[in-house]
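Student: Model the structure of this input:
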Amino acid sequence: MTASLIALVPAAGVGARAGGDRPKQYRLLKGQPMLRLAVQALLADPRIAQVRVAVSEGDGWVDDALRGLPRTVWRACGGPTRADTVARALADSGAADSDWVLVHDAARPGLPAEALARLIDACLQDPVGGLLAMPVPDTVKQAKSEADGREIVARTVDREGLWLAQTPQMFRAGMLREALAAALAGGAVITDEASAMEAAGRTPRLVRGHTRNFKVTWPDDFDLMEKWL
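Tutor: Take a look at the predicted model:
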């Protein structure tokens, strides 16, 4: 049997840094909720059999935001952290160990179809899977906090070999399930799926992403994303 390919979108957070009168994922871009645009970006590849959106209990926005989208379901299985939400969504999906799972941020609605296809093509040939990412182009400074509240430069960090992680991140369901369970049980700090895989001794593949696929985080990012869209 051919392995299925499903996408998970953790959308249980509120995105406090972005401000606004509603959770960040439901803020409008070009007249549409950001979450809807992120899901539509995944649906652009017909190899993805289903997109499963994980929201928090009592979410009153998601039904309207996703209404009418094909191959899309939402489930109120969100947890207190991203890792918890992804683990719960993965369990809820019923995915077989051999199935492929792509996890994508609701706050990355600018994912280009060609970048998504590039990730899928690369990971299907990889024993572990991987993630979209971009090489760091700028000089990197490590900061130090002063007693008076100022942030000063502690040192310059060599950017050689440094990449900025994006999503989707694509792994076999069984491997990801085990990695998340071990990380959560051990109290590890997991900021993305690749870090859980790394903690389990796996080596995710880096696949070049796209500048447009940035994460909408701060208030000004909404204007920038609208220009890209």
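Student: Please report the distance of residue 160 from residue 211.
Tutor: 20 Å (C-beta to C-beta, to the nearest Å). (C-beta placed from N, C-alpha, C; glycine too.)
Student: between these two, who's got more neighbours?
Tutor: More crowded of residue 160 and residue 211, by other C-beta atoms under 10 Å: residue 211, with 12 against 7.
Student: Wait, that one touches residue 132, no?
Tutor: No. Taking C-beta atoms under 8 Å as the definition, residue 211 is not a contact partner of residue 132, at 11.4 Å.
Student: Pull out the buried positions in the helix or strand where residue 166 lies.
Tutor: Assigned by DSSP states H and E, residue 166 falls within strand 163-172. Under the neighbour-count criterion of 16 or more other C-beta atoms under 10 Å, strand 163-172 has 165, 166, 167, 168, 169, 170, 171, 172 buried.
Student: got TSV for those residues, with distance to residue 126 and pLDDT too?
Tutor: Output for the buried residues of strand 163-172, formatted as TSV (distance: C-beta to C-beta, whole Å; pLDDT from 0 to 100):
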residue	distance to residue 126	pLDDT
165	16	98
166	17	98
167	17	98
168	14	98
169	12	98
170	9	98
171	9	98
172	10	97
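Student: Could you report the pLDDT at residue 48?
Tutor: For residue 48, the model assigns a pLDDT of 98.
Student: what number of residues lie near residue 72?
Tutor: Residue 72, neighbours per other C-beta under 10 Å, totals 19.
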